[in-house]
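Novice: when you get a sec, could you give me coordinates for this:
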Amino acid sequence: MRLIEHVSDAIRREGFYTAFFKIFRRMNTALKYLQLDLIKQFRRWKSIKGRYQGKRVFIIGNGPSLNETELYLLKDEYTMCFNRFFLFEERLNWTPNFFMATDGLVLEDLEKEFSEIIPKTDISIFPGIHFHGKNYSGSLDEFSNTFWTIPLIGRRFSKLLPFIYPGHSVIYDSFQVLKHLGFAEIILLGVDFNYKIHETAKVISTNNIGIESQADDDPNHFDPRYFGKNRRYHQPKDFIIQNMVNDMEYLAKKVTNESFNIINAGVKSKLTFFSKKPLNDLINYSEEEKEEIFCELFNKVIKQQGQNSIKISDVIFIEEYSGTNNCEKIFSMPLKNGLKMISILIFKYIPLGPFKNKYYFIRRKREISNA
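Specialist: Numbering: from 1, shown residues only. Below is the predicted model:
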């Protein structure tokens, strides 16, 4: 029944020929699985099953609310990130343990960056063969910490990796991986689902869903460069968002239980299916410890940008940013004003925060072009 509904919806939305082509492509992709060494992959996935039994992990979405989240407090936690999250790396004192990407357009853009991203992680996960037919298994197998999945059709929850049921968001897929690894508690951060139509992007597909950014002006993620100039992804139309929401509701109803708890600690997240808790209730640091952690990060970034060390208390505070502030190498702003300026200043400054209701900006050694 689920498959029939899926096909009927595709025909209604995209027309018979486009839907038929998709079905044919997926059947052709399924035949390619026969060429893979599945026994080897089953053994590999079995070797990491339950490796993190009973632990908790933070799933880091890529929504704008990450800029309002004290991510530097996760330095001793297990974390999983997705797609182009590594743009945030320059603002962190930790590196994600797990990395995953599944979207076809994103994978094609990221493929040239695999050699930089994968070695930083404990485990990276990708589809061995994408639904669109592209085979990634050969190039991925050169990395010993890379595992690939085999997609199935339907909305279910796989307990037999590498087989996996893809969702309309990579986050759905990640739950199946993290359950396999043995995690007992998943905490969501930055999974906002507050999407806007990207008005300036160029349409590159016949169904008007595939788009390519024309400038570094992504409105839906923590950094305007995330799906920036020449990056391809999918327009967040209403039916796409609803499919993603339906996936999350399914997880809340069918998967969450005492042995596998899901908590939404995100700021401004639209997801209401999971229990809510603020991050500070989940991480037990004193105010003094938080300050020590932030100052360590602050001084690390200053050093990386070739600047002299400075005490947090000596940083120049400005109420609002204007062109005359360009001479300042380091300054802070009120949190509310700083958040508004990140998308503008990030090409010249590395933003750090939030910390004590302020945002800090450190001048880059080299500016990033946003032309």
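Novice: all contacts plus neighbour counts: C-alpha atoms, from now on.
Specialist: Fine.
Novice: point out where this protein drops to low pLDDT.
Specialist: Applying pLDDT under 70 to the chain flags residues 1-35, 130-133, 138-141, 324-327, 371.
Novice: how far away is the spatially most central residue of it from residue 50?
Specialist: The residue lying closest to the centre of the chain (C-alpha atoms, centre = their mean) is residue 82, at 3.3 Å. Distance of residue 82 to residue 50, given as C-alpha to C-alpha, to the nearest Å: 21 Å.
Novice: quick revisit: would you check that the residue nearest to the centre of the chain makes contact with residue 103?
Specialist: No - the criterion here is C-alpha atoms under 8 Å, and residue 82 misses it with residue 103 at 10.3 Å.
Novice: what touches both of the two?
Specialist: Contact criterion C-alpha atoms under 8 Å, 6 or more residues apart in numbering; residues shared by residue 82 and residue 103: residue 170.
Novice: what segments of the stretch 151-300 of the chain are strands?
Specialist: For the stretch 151-300 of the chain, the strands defined by DSSP state E, counting those that start in this stretch cover 163-164, 185-189, 202-203, 210-212, 232-234, 261-264, 275-276.
Novice: hey, which of those is tucked in deepest?
Specialist: strand 185-189 (a mean of 23; mean count of other C-alpha atoms under 10 Å).
Novice: run through the neighbouring helices and strands of it.
Specialist: Here strand 185-189 touches strand 56-60, strand 261-264, going by 3 or more C-alpha pairs under 8 Å, 6 or more residues apart in numbering; DSSP states H and E.
Novice: right, and the ones you listed - which one's nearest residue 290?
Specialist: When these are compared by C-alpha to C-alpha, strand 56-60 sits nearest residue 290, at 18.4 Å.
Novice: quick one: contacts of the closest one?
Specialist: Counting by C-alpha under 8 Å, 6+ apart, 77-82, 171, 183-191 sit against strand 56-60.
Novice: relative to strand 185-189, how tilted is it?
Specialist: For strand 56-60 against strand 185-189, the angle by axes from the mean of the first three to the mean of the last three C-alpha atoms, to 10 degrees is 20 degrees.
Novice: burial count for residue 340?
Specialist: Other residues within reach of residue 340, judged by other C-alpha atoms under 10 Å, total 10.
Novice: likewise for the one 4 residues further on?
Specialist: For residue 344, the neighbour count with other C-alpha under 10 Å is 14.
Novice: three-state assignment of it?
Specialist: helix (DSSP: H, G, I helix; E, B strand; the rest coil).
Novice: which stretches of the stretch 151-300 of the chain form helices?
Specialist: Assigned by DSSP state H, counting those that start in this stretch, the helices in the stretch 151-300 of the chain fall at 170-181, 238-254, 287-304.
Novice: excluding its backbone neighbours, what's nearest residue 151?
Specialist: residue 164 (5.0 Å; C-alpha to C-alpha, 6 or more residues apart in numbering).
Novice: now for the residue nearest to residue 343 when sequence neighbours are not counted: which residues touch it?
Specialist: Distances taken as C-alpha to C-alpha, 6+ apart place residue 224 nearest to residue 343, at 5.8 Å, with adjacent residues excluded. The contact partners of residue 224, by C-alpha under 8 Å, 6+ apart, come to 216, 217, 218, 343.
Novice: the first one and residue 200 touch, don't they?
Specialist: So the one you mean is residue 216. No - using C-alpha under 8 Å, residue 216 makes no contact with residue 200, being 10.1 Å away.
Novice: neighbour-wise, which of the two wins?
Specialist: residue 216 (20 against 13).
Novice: with residue 250 as the reference, measure out to that one.
Specialist: Taking C-alpha to C-alpha, one finds residue 216 at 34 Å from residue 250.
Novice: same thing with residue 153?
Specialist: 15 Å.
Novice: what of residue 350?
Specialist: 38 Å.
Novice: who has more neighbours, the two?
Specialist: The neighbour count for residue 350 versus residue 250, taken as other C-alpha under 10 Å, is higher for residue 350 (21 against 17).
Novice: backbone dihedrals for that one, both of them.
Specialist: phi -100, psi 120 (degrees, to the nearest 10).
Novice: and the residue nearest to it when sequence neighbours are not counted, bridged to which residues?
Specialist: For residue 350, ignoring the flanking residues on the chain, the nearest one in space by C-alpha to C-alpha, 6+ apart is residue 362 at 5.1 Å. Counting by DSSP bridges, residue 362 forms beta bridges with residue 330, residue 350.
Novice: residues contacting residue 362?
Specialist: 301, 302, 329, 330, 331, 349, 350, 351, 352.
Novice: got CSV for those, with distance to residue 134 too?
Specialist: Output for the contacts of residue 362, formatted as CSV (distance: C-alpha to C-alpha, whole Å):
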residue, distance to residue 134
301, 39
302, 42
329, 46
330, 46
331, 47
349, 38
350, 36
351, 37
352, 38
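Novice: highest neighbour count among those?
Specialist: Busiest of the contacts of residue 362 [other C-alpha under 10 Å] is residue 351, holding 28 neighbours.
Novice: find the nearest non-adjacent residue to that one, please.
Specialist: Residue 351 sits nearest to residue 361 (C-alpha to C-alpha, 6+ apart), 4.6 Å away.
Novice: distance-wise, check the one you found relative to residue 127.
Specialist: 38 Å.
Novice: can you tell me the element residue 142 falls in?
Specialist: Per DSSP states H and E: residue 142 is located in neither a helix nor a strand.
Novice: what about it, neighbour count?
Specialist: Neighbour tally, residue 142, other C-alpha under 10 Å: 10.
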